[in-house]
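In: How does the following fold in three dimensions:
(one chain, ligands or ions: 1)
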Amino acid sequence: RTYQVSYFVGSLSSTSINRTLSKALLRVAPEHLEFTEIPIRDLPLYSPDYDDDYPPEALELKAAIDRSDAVLFVTPEYNRSIPGALKNAIDWASRPWGRNSFDHIPAAVIGASPGAIGTAVAQQSLRAVLSFCNARQMTAPEAYITFSPEVFQEDGSITKESTEAFLTEFMNEFGDHIRRVLAVLPRSA
Ligand code: FNR
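Out: Okay, the predicted model is just below:
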């Protein structure tokens, strides 16, 4: 069957390398995964004061996750963690208390940076957050992408065969992970 995967790009930059990476991932993903981006840009900063009356952007965020079979995070590393905009989106989705949208959802994390460490530290930080949110994370393979503009074209095409093969494998594994998780934990949405 086909799975609906929502993805978050953790960057608000107009020239985001992680957005380019997301395009590459969509290109190499297996056909039974269908992707929709969940925008994070227009969310206000979360406060518990909103818990009784979420603004439309946050209601739509939670509804979009509820409609999804799985979520994918494509994020930069900011100061050895994830960007505030992404953390803010996760905080919105995790609340109000008792209505955590990530509960039991299949999830995967990936990210790119120009540096050799390839967002490894940010991904560990994100994994800790997603653990607390009770998402069912794919633990392997991991993917720490050192971004090179020669390898990743703006339209998402990949010029290096080994990189394309690695990312294809990552997305195939994610598809398998989603199927396995949903076999024991069907989504009610
Ligand atoms: C960075 N960058 C960065 N890179 C990294 O590998 N580790 C880090 O901790 C940081 N910290 C950091 C903080 C802030 C505030 C900025 C703006 C940048 C560099 C970062 O990887 C680079 O700007 C990427 O291009 C960001 O990804 P997007 O926005 O292009 O997708």
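In: Could you confirm whether any residue of stretch 154-162 contacts the ligand?
Out: No. Figure legend: stretch 154-162 not in contact with the ligand (C-beta under 6 Å from any ligand atom); closest approach 12.4 Å. C-beta here means a position set from N, CA and C on the backbone, and glycine is covered the same way.
In: Would you work out how far apart the start and end of that stretch are?
Out: 18 Å (C-alpha to C-alpha, to the nearest Å).
In: Name the residues of that stretch that come out as buried.
Out: Neighbour-count burial for stretch 154-162 flags 156, 158 (criterion: 16 or more other C-beta atoms under 10 Å).
In: Next: stretch 179-189.
Out: Buried residues in stretch 179-189 (16+ other C-beta under 10 Å): 181-182, 187.
In: Ok, stretch 84-98 next?
Out: The neighbour-count check on stretch 84-98 (16+ other C-beta under 10 Å) flags 85-95 as buried.
In: With stretch 170-179 instead?
Out: 170-171, 173-175, 177-178.
In: cool, stretch 125-144 as well?
Out: In stretch 125-144, counting by 16+ other C-beta under 10 Å, buried: 125-127, 129-130, 133, 135-138, 143-144.
In: Could you do stretch 67-74 as well?
Out: Counting neighbours by 16+ other C-beta under 10 Å, stretch 67-74 gives 68-74 as buried.
In: what's the average pLDDT for it?
Out: Average pLDDT, stretch 67-74: 98.
In: how far is it from where the chain is centred?
Out: Taking C-alpha atoms, centre = their mean, to the nearest Å, one finds stretch 67-74 lying 6 Å from the centre of the chain it belongs to.
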